[in-house]
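Colleague: The sequence isn't on hand, but the structure is:
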């Protein structure tokens, strides 16, 4: 097994480069940190290029057998100093993987008979995206549609904050116009979250095929959604602050829908 101890090794320098969206797209590679996350990616059929393992840290993992599914020829051992250079989180279990991204086409989504979908317009922060994917997994919704994103689904921080739910939730990436057309074609009601809406979220019927549309924290939704959604809804705000973090708002709306559907 190859072992890397130098911070100047070209492979290590390249991992550092992959923190940038441009490099991920040019190399068609992304980073997965963690054994659980790798296990979920393997279950979802992702192609693994290489796995970097720090033996001193990997002894702490709850997924000791995950490397058996990778193939010994793809595993590279690294020193702890080298792993610390490329790791994204504290308390890591010593595993970092390079994998190939998938295509996320809207028409490849497989929906249930009564779908519930989260639509995100121009999501900005990878941490918010990851947290929303985690909510989507917890609620077992049909899909997350990411419209006109300004952050990358394969940003390492998005994967980290999703705790691997980037690989367990159906996702599509498209324009807002494409998503709007898709929802109308599938007869899915769209509910745009807006601070100035007159309709309370708890008074909204989510028992039918539904999609909640979430905008950016800074600017909210564009007129594409505000003018074309079936309804605008809001969450009551009783304090001095007039809005919630978008990932929290998404969780509130999603679990209200699941409550109405009897979980």
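Modeller: Yep, it's here. Keep in mind it's a predicted model, so treat the numbers as computed, not measured.
Colleague: chain center to the helix or strand containing residue 137: distance?
Modeller: Per DSSP states H and E: residue 137 is located in helix 126-139. Averaging C-alpha positions (Cα atoms, centre = their mean, to the nearest Å) puts helix 126-139 6 Å from its chain's average.
Colleague: all helices of this protein, in order?
Modeller: Shown for the chain, the helices assigned by DSSP state H span residues 10-17, 21-27, 35-43, 55-58, 80-86, 126-139, 156-161, 176-185, 223-226, 246-260.
Colleague: quick revisit: what angle do the helix holding residue 137 and helix 246-260 make?
Modeller: Put simply, helix 126-139 runs at 10 degrees to helix 246-260, going by axes from the mean of the first three to the mean of the last three Cα atoms, to 10 degrees.
Colleague: would CSV of the helices of the chain with mean neighbour count be doable?
Modeller: C-beta here means a position set from N, CA and C on the backbone, and glycine is covered the same way. Converted to CSV, the helices of the chain look like this (neighbours: other Cβ atoms under 10 Å):
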stretch, mean neighbour count
helix 10-17, 15
helix 21-27, 14
helix 35-43, 21
helix 55-58, 15
helix 80-86, 18
helix 126-139, 22
helix 156-161, 22
helix 176-185, 17
helix 223-226, 16
helix 246-260, 19
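Colleague: for the ones you listed, which one sits closest to residue 105?
Modeller: The closest of those to residue 105 is helix 176-185. By Cβ to Cβ, the value is 10.1 Å.
Colleague: returning to what we had before: avg pLDDT for the helix holding residue 137?
Modeller: Taken as a whole, helix 126-139 has a mean pLDDT of 97.
Colleague: circling back: columns distance to residue 116 on top of the helices of the chain, output as TSV?
Modeller: Output for the helices of the chain, formatted as TSV (distance: least, Cβ to Cβ, whole Å):
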stretch	distance to residue 116
helix 10-17	37
helix 21-27	29
helix 35-43	22
helix 55-58	38
helix 80-86	37
helix 126-139	8
helix 156-161	22
helix 176-185	12
helix 223-226	17
helix 246-260	6
